Structure formats: structure tokens, C-alpha cells
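**Student:** One predicted model, sequence on top.
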Amino acid sequence: MKRHIIVVFILVFSIGLRAQSYLSIDSAIAITLKKNYNILLSQNAYQVAENNHAPGVAGMLPNIGLNAGLSGTDNNIHQEYSSGTTITKNGATSTTITPNIGLTWTLFDGTKMFIAYNQLGLLRDEGLIGVKLTIQDNVATVIEAYYNIVQQKQLLAVIDSNMALYQEEMDLAQKQYEIGTGSKLNYLQAKVSYNAERSLYLKQQVNVSTAIVNLNQILEEPIEKTYIVSDSINQGKSLIYDTLKKEMLAQNPSLVMANTNISVAHNLLKETDASRLPTISLGLNYGLTSTQATGGFSLVNQSLGLNGGLNLTWTIFNGSIINIQHKNAELAELSAKLQYDQIALQTSATLLEAYQQYLINVKILQLDEENFLVAKENVNVAIAQFRIGTSNIVQLQQAQISFSQAGSQVVSDRYNTKVIETQLLQLAGLLVK
């Protein structure tokens, strides 16, 4: 009987290997980082923001353009000059070509171009934070789904071990009945319990399959795919609240995003103030203008050269629109700060609640592990006593039920502790480095 107890103890914390490919938690995370649609979309959005963070997009560089024109006329002309010369010609044609290259460059716009460049950098940072937030969410989902498979398989192993116990109980009851030391009622009761456990086993197989299908959906893998997972739910190092809160305030993606939004709002305020200043732009043009005519006073007219100038525009009054925009920008910045405080308060409360639950879960796990050892010894004693006829089948089955419940509870405790541990690391921004 001790052999069965040892097997049960091992199976509560491990899963037997089958001829399938092995999938580790790190491999599962790597798959979702590579294939998850939400992560890929967020990475594309970040790349767009990264591409836009350029001086040219902010208006800091000149615009250079090449232009060319070709025009012609066909007229009847009659011209009289003060010298007495008269020119009359029907069907006089002329052709004009105007190729040129031009440059326009805003030299000063109240520093708005520099503010815009900084704003583009902030938008790029927001894109990167969005990627991290999406990755954290999806990794947390993968971890919970992966270890749910481990949990369901361990529960299946517990039921399988219980079936072995009920099988031995049924064999003992049958032998006692056959030699006249036990009643047929004991044998029938043992058989009923064994069949009930078989039914639970079949139902638990469905739970295992459902958990695997769920992970396949998350990983964008074929839903029919099966694999071997880890044989245990590993608990990380003990988490310390002060360390978690410090990391949360520094790198929680939601808080970092809210803090970046404050900078974005402040930039908009600076851009509004910059609208009060003048704009100075430079314009240069180098080109050729050539006209050839078959009639008239000038048969050929051609000019080639550079021309340019500075242009200044300054809005003196525009109906107080800038003042209104300034007030609205101040309100937007204030709202961004209030939103940050709100998110910080909510996140801190969530962290504290989760940490308190984490501490309770750890204590419950320790108690249930101790209880499992007691239940193991109890069922061992109960079977030994039933074998020699000093206890009845009711006492034995009560011990078996307690042992089964204790084993299942340890498995559930480990999973629940892992889930809350994952949530804490996610809140602290430590789930993915």
C-alpha cells in the first residue's frame, strides 16, 4: 500500500510524460511574442511613430522643388512704336520655357518646430509603452493558460491515483467477501465508488483538453495540437511589497503612459504660446525664363539667375483665439495630471489588495501541504486497518475522500498562488524585462 501512497504523492506535483513534443513556459511566451496579432499590431504602430520622429516631419528642414513650364501663343499682331516703326504680322508665334529650382525654409516659427520634434519623440515613446503594455497583458494570459493545463493534468493524476486506491479497496472487499470475513455490501460500495471515480476521470480529461485548446487559441496554434507541459507549477522568489510598489511607480506601463501624456499636454501648451511669435521664412529660386517669338519687337528674351527673399508674418490679433487655446491647453495639462494621480491611486490599491491575497495564498498553500501529508498518513492507516478488519469501509472511504480533497486542494493552491504572483509582477512592470 505504501507504494500507492508514494505514487499519489508524486502525481500530485508531477505529470507523467507521454510521447508528445514538450512545450515549456518560455517557449509558449516566445510563440506569443512572435505570432500574437495584438503584439504585432502594436509593434507596427510603434514603428510608424518611430519613422515619424524626424526633423523633416517636424518642419525643421527646407523644401526644395523643381518646376518647369512650357507655353506658346499664336496671334495676329499690329505694333506701332514712337520711332515710327510699324510691325504687322499674322500668325506670329512665341514659345516660353521656364525651368527653375526653388527652396523654401522656415527659419523661425516661435520654436514650434522644435516643440513638434519633441512631441513626435513623445508619441514614439507612447508607442513603445503601448508595445510593452500589450506584451505584458498577453504574457500574463499565456502564463495563466499554460499553468492551467498543468493544474488540470495534475488534478487528472490525482483522480487516476484515487482510482488505484479504490481498485485496491474493491479487491480487498471482494477477497474478504469470498473468504467470509466481509459482506457483499462492502464490495458493492467499493465498486460504486470506483465507478464514480472513473466518471470523474473522464470528465477531467475534458477539462485538460479544453485547457489545451484555450492555450492553442492564445498562441495562434492549431487547436488540435497537443504537447507535454511542465510537471510542476513553480513558485518564484518571495515577493516584497515595498520593492513591488517602487517598481510599479517607476515602470508600470499604464503609469508611464499617463506620465508621458502629461508631457504631451505640456508640449501643446508650449506650442500654443509659440503661436504668439512671428514666423520668418526664406525663399530662393534659381531658374531660366526663355521666350522666342516669330514676330514683334523682341524675337528672343531670356533671363537666367537667382532671386530670393525673406518673409515675415506675425499675427497681431486673431479674435483672442490664441488666448482661448492657451486656457484650453492649461486645462488639458491639468486633466493629464489628474488622470495620472487617479491611475496611480487605482494601481496602488490593486497592488496592495493583490499582495495581501498573495500572502494569504502562500499561507494557505503551506497549511494545505501539511494537511496533505496528514491525509496521506491517514489513508495509509485506514487501508491497513481495513485489510485486517479493524475498520469498516465507511471509515476507509472517508479517509480516501479526505486524501483526494487534500491532493486536489494543493494543486489548486499552487495554481492560484501562481496567478496572483503573475498579477503582482505585471502590476510592477516586472513580468517582461
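**Tutor:** Nice, I can see it.

**Student:** For this protein, give me the ranges with low pLDDT.
**Tutor:** Scanning the chain with the threshold set as pLDDT under 70 gives 1-19, 80, 293-298.

**Student:** how about the strands in it?
**Tutor:** 63-67, 70-80, 86-97, 100-108, 279-293, 300-313 (DSSP state E).

**Student:** Include mean neighbour count and distance to R387 when you put the ones you listed into JSON lines, please.
**Tutor:** All C-beta atoms are positioned from the backbone trio N, CA, C, and that covers glycine. Listed next are these as JSON lines, based on neighbours: other Cβ atoms under 10 Å; distance: least, Cβ to Cβ, whole Å:
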{"stretch": "strand 63-67", "mean neighbour count": "10", "distance to R387": "96"}
{"stretch": "strand 70-80", "mean neighbour count": "11", "distance to R387": "111"}
{"stretch": "strand 86-97", "mean neighbour count": "13", "distance to R387": "113"}
{"stretch": "strand 100-108", "mean neighbour count": "15", "distance to R387": "96"}
{"stretch": "strand 279-293", "mean neighbour count": "16", "distance to R387": "99"}
{"stretch": "strand 300-313", "mean neighbour count": "10", "distance to R387": "102"}
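
**Student:** Looking at the ones you listed, which is nearest to S238?
**Tutor:** strand 100-108 (58.7 Å; Cβ to Cβ).

**Student:** Identify the residues contacting that closest one?
**Tutor:** Taking contacts as Cβ atoms under 8 Å, 6 or more residues apart in numbering, the residues outside strand 100-108 that touch it are 59, 61-68, 113, 277-288, 308, 310.

**Student:** cool, and stretch 324-338?
**Tutor:** Contacts for stretch 324-338 (Cβ under 8 Å, 6+ apart): 258, 261-262, 264-266, 268-269, 271-273, 275.

**Student:** L23: what's its closest spatial neighbour, skipping adjacent residues?
**Tutor:** Excluding the flanking residues, the one nearest L23 by Cβ to Cβ, 6 or more residues apart in numbering is Y227, at 4.2 Å.

**Student:** can you give me phi and psi for the one you found?
**Tutor:** phi -160, psi 170 (degrees, to the nearest 10).

**Student:** In JSON lines, list the contacts of stretch 324-338 along with neighbour count and distance to D171.
**Tutor:** Formatted as JSON lines, the contacts of stretch 324-338 follow (neighbours: other Cβ atoms under 10 Å; distance: Cβ to Cβ, whole Å):
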{"residue": "A258", "neighbour count": "21", "distance to D171": "66"}
{"residue": "N261", "neighbour count": "20", "distance to D171": "70"}
{"residue": "I262", "neighbour count": "19", "distance to D171": "73"}
{"residue": "V264", "neighbour count": "17", "distance to D171": "74"}
{"residue": "A265", "neighbour count": "20", "distance to D171": "76"}
{"residue": "H266", "neighbour count": "20", "distance to D171": "79"}
{"residue": "L268", "neighbour count": "18", "distance to D171": "80"}
{"residue": "L269", "neighbour count": "19", "distance to D171": "83"}
{"residue": "E271", "neighbour count": "19", "distance to D171": "84"}
{"residue": "T272", "neighbour count": "22", "distance to D171": "87"}
{"residue": "D273", "neighbour count": "16", "distance to D171": "89"}
{"residue": "S275", "neighbour count": "16", "distance to D171": "91"}
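
**Student:** List just the nearest of the residues you listed to L239.
**Tutor:** Scanning the contacts of stretch 324-338 for proximity to L239, where the rule is Cβ to Cβ, the winner is A258, at 24.0 Å.

**Student:** still on that earlier bit, settle this for me: the residue nearest to L23 is touching S27, isn't it.
**Tutor:** No. Y227 lies out of contact with S27 (Cβ atoms under 8 Å); the separation is 9.3 Å.

**Student:** who's more crowded, those two?
**Tutor:** Y227 (17 against 13; other Cβ atoms under 10 Å).

**Student:** what sits against V208?
**Tutor:** Per Cβ under 8 Å, 6+ apart, neighbours of V208: 149, 152-153, 156.

**Student:** Nearest spatial neighbour of it, chain-adjacent residues omitted?
**Tutor:** Per Cβ to Cβ, 6+ apart, closest to V208 is Q152, 4.6 Å.

**Student:** How about E221?
**Tutor:** In space, E221 is closest to I31, 7.0 Å off (Cβ to Cβ, 6+ apart).

**Student:** I'd say the one you found and L219 touch.
**Tutor:** Yes. Assessed by Cβ under 8 Å, I31 is found in contact with L219 at 4.8 Å.

**Student:** So for the two, which residue has more residues nearby?
**Tutor:** Taking neighbours as other Cβ under 10 Å, I31 and L219 compare with L219 leading, 23 against 17.

**Student:** so who does that one touch?
**Tutor:** Applying Cβ under 8 Å, 6+ apart, we find L219 in contact with 28, 31-32, 35-36, 142.

**Student:** out of those residues, which are buried?
**Tutor:** Buried subset of these (neighbour count, 16 or more other Cβ atoms under 10 Å): 28, 31-32, 36, 142.
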